[in-house]
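**Q** Quick one, structure for this:
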Amino acid sequence: MDNIIDGKALAKKVNQETASMVEELHSKEIDPCLAVILVGDDQASHRYVRSKHKKAQQLGIKSIVKELPKETTEKELLNILDEYNNSEEIDAILIQSPLPKHINEKFVMSQINPNKDVDGFQVINSGKLFLNDQSNYPVACTPKGVMTMFDEYNIELKGKKAVVIGRSIIVGRPMAALLINAGAEVTVLNHYVDNMKEYTCDADIVVSATGKLHTLTADDVKEGVVVIDVGQNVDENNKLVGDVDYDSIKEKASYITPVPGGVGPMTIATLMRQTVELAKWSDING
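**A** Got it, this is the predicted structure:
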């Protein structure tokens, strides 16, 4: 259907642009480098990291993966991070979440060099986003990828009513900030809200990032709504699905993202692009 936002196709386009940026930097003898630190044995995290490493290599980006045992102490992790923060070779740093419970994840993330914070979670970069700073800085990859979708499909944001369901620092909060900066009227909802339908039925755009099945059904949205489904869940048939009732809502939506094949590919494509942008900005700033 024409109203389905094809995240795979758009990610392919973004990746081609990123590969061209890499070639341009290589011509200047600049070798973009992404360093990923993975602590523990979470299998989903290992799959994500392998996928990122493979994509980086495909695009000509140097990829360093540091795998650490779950017994790694916070001090040991911070020592490695300090080394990466000060390395002239490394342009972008990603610490794979979640970290083991004995490590203060929020504190560790705050210690990433903001100029290498490829995930955009560091407090300085988060502050710049919420202040709508116009300089170059990294932004959380999933929301930034969603904004690329809006741009690619010419989805107007100015003056539109947008509802963001979820308030995580990974998606919900930066997504809301990006929409506000783009001129949308934004409402952020969470699981404490009893009358969610009251907001979503009036929304022009709904972004769902709850990680909860059936967050939205067709009765919860109006005709012509734009629905961005960030959720990744497994249904009763062990099938990967999103937060929303896709089959029913797509009949009402002007645009909708599928799961899989929607936001997911754009998150990794944005991570790669932002890695190269960090290398480029570093070169510009000397």
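
**Q** Sort out which residues of the host helix or strand of Ala9 are buried, please.
**A** Assigned by DSSP states H and E, Ala9 falls within helix 7-27. Neighbour counts over helix 7-27 (16 or more other CB atoms under 10 Å) mark Gly7, Leu10, Ala11, Val14, Asn15, Thr18, Ala19, Met21, Val22, Leu25 as buried. C-beta: built from backbone N, CA, C; applies to glycine.

**Q** now swap in stretch 219-229 and tell me
**A** Under the neighbour-count criterion of 16+ other CB under 10 Å, stretch 219-229 has Asp220, Val221, Val225, Val226, Val227, Ile228, Asp229 buried.

**Q** Adding pLDDT and distance to Val118, write the buried residues of helix 7-27 out as TSV.
**A** Formatted as TSV, the buried residues of helix 7-27 follow (pLDDT from 0 to 100; distance: CB to CB, whole Å):
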residue	pLDDT	distance to Val118
Gly7	98	20
Leu10	98	20
Ala11	98	17
Val14	98	15
Asn15	98	16
Thr18	98	13
Ala19	98	17
Met21	97	15
Val22	98	15
Leu25	97	16
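
**Q** centre of the chain versus stretch 90-103, how much separation?
**A** Computed by CA atoms, centre = their mean, to the nearest Å, the chain-centroid distance of stretch 90-103 equals 15 Å.

**Q** Now the terminal residues of it, how far apart.
**A** End-to-end span of stretch 90-103 (CA to CA, to the nearest Å): 24 Å.

**Q** how about it: buried residues?
**A** Ile90, Asp91, Ala92, Ile93, Leu94, Ile95, Gln96, Ser97, Leu99, Pro100, Ile103.

**Q** Show me the two of those residues that sit farthest apart.
**A** Asp91 and Pro100 (26.7 Å; CB to CB).

**Q** follow-up on the earlier one: mark which of the buried residues of stretch 219-229 are part of strands, please.
**A** Judged by DSSP state E, strands contain the following of the buried residues of stretch 219-229: Val226, Val227, Ile228, Asp229.

**Q** Tell me the one of these nearest Asn181?
**A** Within these, proximity to Asn181 (CB to CB) peaks at Ile228, which comes in at 16.5 Å.

**Q** For the closest one, which residues are in contact?
**A** Contact analysis of Ile228 by CB atoms under 8 Å, 6 or more residues apart in numbering lists Ile5, Val146, Met149, Ile205, Val206, Val207, Ser208, Ile256, Thr257, Gly262, Val263.

**Q** go on, Gly261?
**A** Residues in contact with Gly261 (CB under 8 Å, 6+ apart) are Asp6, Gly7, Lys8.

**Q** Let me have those residues in CSV, adding distance to Asp42 as columns.
**A** Output for those, formatted as CSV (distance: CB to CB, whole Å):
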residue, distance to Asp42
Asp6, 30
Gly7, 24
Lys8, 26
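
**Q** Relative to Val39, which of those residues is nearest.
**A** Distances from Val39 to the contacts of Gly261, taken by CB to CB, are shortest for Gly7, at 28.9 Å.

**Q** Count the residues that sit near Met149.
**A** The number of residues packed near Met149 is 21, by other CB atoms under 10 Å.

**Q** ok, which stretches of this structure are helices?
**A** 7-27, 43-58, 74-85, 105-110, 123-130, 141-152, 172-181, 196-200, 246-249, 263-284 (DSSP state H).

**Q** for the residue lying closest to Pro265 once chain neighbours are set aside, what are its contacts?
**A** For Pro265, ignoring the flanking residues on the chain, the nearest one in space by CB to CB, 6 or more residues apart in numbering is Ala11 at 3.7 Å. By CB under 8 Å, 6+ apart, Ala11 lies in contact with Pro265, Met266, Ile268, Ala269.

**Q** Wait, Val14 touches Ala269, no?
**A** Yes: between Val14 and Ala269 there is a contact under CB atoms under 8 Å: 4.2 Å.
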